[in-house]
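Undergrad: sequence first, then the predicted structure:
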Amino acid sequence: MENEKWRTLIVTGKTERQLADEMKIMDLANKEGFKSPPIRTCYLCKRAEGERSLCLIEGEPDKVNLTEIELEGHSVSFESGITLIYLICQECAILLNLEEDIELEEE
């Protein structure tokens, strides 16, 4: 693999139009004095890092589980020298069998 550069790409799962819309929202938020919305989102479910995921507790209608969404990069490498990194939240990672032990916080 002489003369070939290794490249790492973080795959967002967003289109060019979606990114442009997000940039407009961020610009408007900054002009109005609001905190800019996060751009880092899960590749699959599009929920933002730092938001809290709501789970209902079966048999206990007055209780819920709120867990902060954390993103972790999961990489796929190709022989061509390219590595793709997908930001995946802990719930999607469980569905894909990428993570086994996740602690949930009960509130």
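TA: Yep, that arrived.

Undergrad: how about low-confidence regions in this protein?
TA: 1-4, 36-38, 99-107 (pLDDT under 70).

Undergrad: closest to the centroid, which residue in it?
TA: C42 (2.1 Å; CA atoms, centre = their mean).

Undergrad: residues in contact with that residue?
TA: By CB atoms under 8 Å, 6 or more residues apart in numbering, the contact list for C42 reads 49, 69, 71, 87-89, 92. No exception for glycine: its C-beta is placed from N, CA and C like everyone else's.

Undergrad: redo that, cut-off 7 Å
TA: Contacts for C42 (CB atoms under 7 Å, 6 or more residues apart in numbering) come out as 71, 87-89, 92.

Undergrad: out of the residues you listed, the closest to G33 would be?
TA: L71 (27.0 Å; CB to CB).

Undergrad: who are the contact partners of the closest one?
TA: With CB under 7 Å, 6+ apart, L71 has these contacts: 40, 42, 49, 87-89.

Undergrad: so L44 makes contact with I88?
TA: Yes - L44 lies in contact with I88 (CB atoms under 7 Å); the separation is 6.5 Å.
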